[in-house]
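Student: Here you go, sequence then predicted model.
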Amino acid sequence: MTTISSPPVSRWRRLLAVLLSITPGCGHVLWGRWRRGLVWLGALLLAQASLPLTGFAGLLLGLGVILGAAVDVARLPPPEAGVPRLGRVLLTLVGFWMGSGIVASTSRRWLAEPFTMPSASMQPTLLPGDQFYTDKRVASPWGRPLERGEVIVFQHPAQREQRYVMRAVALAGEAVEVRCGRLSIDGQAVDSRPSSEESSCLDSMDFPTGDGCPEGMETRETGCVVPEGHVFLLGDNRDNSWDSRFWGPLPVENVVGAVRFIHFSWTPGEGVRWARLGTTVR
């Protein structure tokens, strides 16, 4: 019986195939295993698209796909017909990169997108240097509705090019009142998440002020009513947050996404905050 062996492949090509697998499937293209490569690439894109539902586990799954694709291509023998020429490989790689880029950008726009916390306005929930993924479905016309209490990324009405992070404490139709850092909705006290249990009323910005409710908000005995199509935002660090108490409710069209989980956390002088990795933001 005659055994047909695969043609030999140079070490540089095998090494390059492993390195290209940082985008799963691209290393398989160098091998001429197009269909197998598409399976690996599809697995990564599926893991990325599922982040709003799977959270940190989905991120680990994506990293596992990258590692698995590299190991697979390192162990995979070339086809019996031999590996394709570099010209054909390059054309196919361009197609892979363009396709994956389009799918990845679409996923970031409509499903999940990473951000970094720049300030201390959301302490202790989010610390400066926390990097987190957002659920973009709340910003989509066909996505899920925003829920009270969610931490969101948004565009400020007067600075739409900037991204800010705060907590949506009240939705349309709800009356808001803040006294001494304590939040009440429709006359019922809720978790105020003060920056310090020792915080003084003198340090806190009450809402509404003596001038009454801002323009566009109805006045009630229980506070100011959030108008239709808007949401009221507060920072968890009440004594150090420039929020809806100062500039009014936010139009829901300015919501970018709801914060889901911390995937990395780092700060100069402290290094990586390992304990915060994978933390679900509530």
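Tutor: Thanks, I have the structure now. Remember, it's a predicted structure, so these values are computed and weren't measured experimentally.
Student: Which positions in the lowest-mean-pLDDT helix or strand in the chain come out as buried?
Tutor: Evaluated with mean pLDDT, DSSP states H and E, the helix-and-strand set of the chain has its lowest mean pLDDT in helix 86-110, which scores a mean of 82. When burial is assessed from 16 or more other C-beta atoms under 10 Å, helix 86-110 yields the following buried residues: 89, 92-93, 96, 100, 103, 107-108, 110. Bear in mind the C-beta positions are built from the backbone N, C-alpha and C, glycine included.
Student: How far off centre is the one helix or strand V165 maps to?
Tutor: Assigned by DSSP states H and E, V165 belongs to strand 159-171. In terms of C-alpha atoms, centre = their mean, to the nearest Å, the centre of strand 159-171 is found 14 Å from the chain centre.
Student: Now do it: which elements does it pack against?
Tutor: Other helices and strands packing on strand 159-171, by 3 or more C-beta pairs under 8 Å, 6 or more residues apart in numbering; DSSP states H and E, are strand 151-156, strand 182-185, strand 230-234.
Student: Spatially central residue for this structure, please.
Tutor: Most central in the chain under C-alpha atoms, centre = their mean is Y133, positioned 1.9 Å from the mean C-alpha point.
Student: all helices for the chain, in order.
Tutor: In the chain, helices defined by DSSP state H lie at 11-20, 26-31, 34-49, 51-54, 56-75, 86-110, 244-247, listed in chain order.
Student: Tell me which of those helices is the most buried.
Tutor: Burial among the helices of the chain, expressed as mean neighbours by mean count of other C-beta atoms under 10 Å, is greatest for helix 26-31, which shows a mean of 25.
Student: From the rest of the structure, what touches it?
Tutor: Here helix 26-31 makes contact (C-beta atoms under 8 Å, 6 or more residues apart in numbering) with 13, 16-21, 34, 36-37, 40-41, 69-70, 72-73, 76, 78-79, 83, 89, 92-93, 96-97.
Student: Would you mind giving the helices and strands packed on strand 159-171 as JSON lines with distance to R282 and mean pLDDT added?
Tutor: JSON lines is the format used below for the helices and strands packed on strand 159-171 (distance: least, C-beta to C-beta, whole Å; pLDDT from 0 to 100):
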{"stretch": "strand 151-156", "distance to R282": "8", "mean pLDDT": "94"}
{"stretch": "strand 182-185", "distance to R282": "16", "mean pLDDT": "91"}
{"stretch": "strand 230-234", "distance to R282": "15", "mean pLDDT": "95"}
